[in-house]
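# no sequence for this one, just the structure:
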């Protein structure tokens, strides 16, 4: 396990990364033997919240979920690995990307099962939003996700404005 500093001077994207693993048990499935969508969404929210809190060193609350796509079903007995990372920070909010990989260990097969973008807001002890540090992308992939996060944010804000009018 890699040891990460709890408070960093530089807020690199790599410091926010989370990997969470779950085993799909009978209580997690529907009548077809597939992982319940709601259970997976709960796991994704937890992994994303940990990433957001790791970046901001604050309690973070879920503000929005975008682009939640169920690519492939996840079956009973499969191992689910969730990868979450802060893509970009905006004042008091941040976008966290989550990618879900499911693995059938009996046959050695793995696939991307789900992806989503979650927006979190960092709050203080009185649940008031607080400013957070911008994230510093380093790798080519982090820079791509950083750039695309702004496009998604602008789209979310535009949709919100249309709905409010």
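Looks like it arrived, so ask away. Bear in mind that the values here come from a model prediction, so they are computed numbers and not experimental data.
# could I get the full set of helices for this structure?
37-56, 140-164 (DSSP state H).
# and the longest strand for this protein?
Criterion DSSP state E: the longest strand present in the chain is strand 109-123.
# buried ones in it?
113, 114, 115, 116, 117, 118, 119, 120, 121, 122, 123 (16 or more other C-beta atoms under 10 Å). Glycine gets a C-beta too; all of them are placed from N, C-alpha and C.
# got those residues as a markdown table, with pLDDT and distance to residue 29 columns?
Shown next, in a markdown table, are those (pLDDT from 0 to 100; distance: C-beta to C-beta, whole Å):
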| residue | pLDDT | distance to residue 29 |
| --- | --- | --- |
| 113 | 97 | 14 |
| 114 | 97 | 15 |
| 115 | 97 | 21 |
| 116 | 97 | 20 |
| 117 | 97 | 26 |
| 118 | 98 | 24 |
| 119 | 97 | 29 |
| 120 | 98 | 28 |
| 121 | 98 | 33 |
| 122 | 97 | 35 |
| 123 | 97 | 34 |
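# and those, which two are furthest apart?
Within the buried residues of strand 109-123, 113 and 123 form the most distant pair, 30.8 Å apart (C-beta to C-beta).
# pretty sure residue 23 contacts residue 79?
Yes: counting by C-beta atoms under 8 Å, residue 23 touches residue 79, with 5.8 Å between them.
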